[in-house]
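**Student:** give me a model of this one.
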Amino acid sequence: MKLVGISGSLSGWKTNVAIDEVLQAAKNIDSGIETELLDLRDYDVEFVRALPLSYYNEDTWKVVQKILKADLLVIGSPIYQASITGALKNLLDHVPVDGLKGKVTGIVTTGGSEKHFLVSEYQLKPVVAYLKGTVPSGNVFIHNDFFDEENDNEIIDENVLRRIHKLADEMIRLQKGINNQS
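**Tutor:** As a prediction, the model looks like this:
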């Protein structure tokens, strides 16, 4: 199985760290899982212009194809102004309506206010559902205080790390169940 993590952040590292933790947890649960992190700052994903995907640049095509070919996904975004990033929303607008069908799609968000945990439920989860993705019950919100202030590259809260592991486990179990039904 191939698990693709998408970091919807164009600045900072907290979302990348969180997504990487999910990818590592998945590999610890099932060493046969292949993982890849798509960091949106590494790609020039063009703005959606209501054209077929073939009209967009190579980066846009490449990122969408990686999403479509993945067996399961984990999507991450920092929360700005009570919303996911525009870069992530733009990428999701490129995905065909049935593009996530048969794919378990976990959600990880980061932010500076506890109230932002609702963004994944009220903004990102409906988009994933519209694209026919299967969303696990245990999505993860990580408050900025749970990262090492000196080093954004480390989550220091053990409870958050347990929730990340639980998310990875649920994603794998759900995806294996979907695959066995096919």
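**Student:** against Asp59, how distant is Asn139?
**Tutor:** According to Cβ to Cβ, to the nearest Å, Asn139 stands 28 Å off from Asp59. C-betas here are computed from N, CA, C, even on glycine.
**Student:** after the lowest-mean-pLDDT helix or strand in the chain, which helix or strand is next? Please name it.
**Tutor:** For the chain, the helix or strand with the lowest mean confidence is strand 151-155, at a mean of 80 (criterion: mean pLDDT, DSSP states H and E). Next helix or strand after strand 151-155 toward the C-terminus (DSSP states H and E): helix 158-181.
**Student:** got the angle for that following helix vs strand 151-155?
**Tutor:** In terms of direction (axes from the mean of the first three to the mean of the last three Cα atoms, to 10 degrees), helix 158-181 departs from strand 151-155 by 60 degrees.
**Student:** quick revisit: quick check: buried residues in the least confident helix or strand of the chain?
**Tutor:** Ile155 (16 or more other Cβ atoms under 10 Å).
**Student:** returning to what we had before: looking at Asn139 and Asp59, which one has more neighbours?
**Tutor:** Per other Cβ atoms under 10 Å, whichever of Asn139 and Asp59 has more neighbours is Asn139, with 21 against 14.
**Student:** so the more buried one is in contact with Tyr122, correct?
**Tutor:** No. Using Cβ atoms under 8 Å, Asn139 is not in contact with Tyr122, being 11.8 Å away.
**Student:** for the chain, what spans make up the strands?
**Tutor:** Per DSSP state E, the chain carries strands over the ranges 2-7, 34-39, 72-78, 104-111, 140-143, 147-148, 151-155.
**Student:** sheet partners, orientation included, of the first one?
**Tutor:** Which is strand 2-7. strand 34-39 (parallel), strand 72-78 (parallel) (DSSP bridges).
**Student:** just the last one next, same as before
**Tutor:** Sheet pairing here is set by DSSP bridges, and for strand 151-155 it gives strand 147-148 (antiparallel).
**Student:** format the strands of the chain as TSV; extra columns: distance to Val22.
**Tutor:** Shown next, in TSV, are the strands of the chain (distance: least, Cβ to Cβ, whole Å):
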stretch	distance to Val22
strand 2-7	6
strand 34-39	9
strand 72-78	5
strand 104-111	6
strand 140-143	8
strand 147-148	15
strand 151-155	11
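**Student:** could you identify which of those strands is most buried?
**Tutor:** strand 72-78 (a mean of 28; mean count of other Cβ atoms under 10 Å).
**Student:** tilt between it and strand 104-111?
**Tutor:** With the same axes, to 10 degrees defining the directions, strand 72-78 sits at 10 degrees from strand 104-111.
**Student:** how about the CA coordinates for strand 72-78, as PDB?
**Tutor:** Once non-C-alpha atoms are left out, strand 72-78 reads as follows in PDB (Å, rounded to 0.1, in the frame of the first residue of the first chain):
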ATOM      1  CA  LEU A  72      -4.600   6.100   1.200                       C
ATOM      2  CA  LEU A  73      -3.800   9.700   2.200                       C
ATOM      3  CA  VAL A  74      -3.200  12.000   5.200                       C
ATOM      4  CA  ILE A  75      -3.900  15.700   4.500                       C
ATOM      5  CA  GLY A  76      -2.400  18.400   6.800                       C
ATOM      6  CA  SER A  77      -2.900  22.100   7.000                       C
ATOM      7  CA  PRO A  78      -2.100  24.900   9.400                       C
END
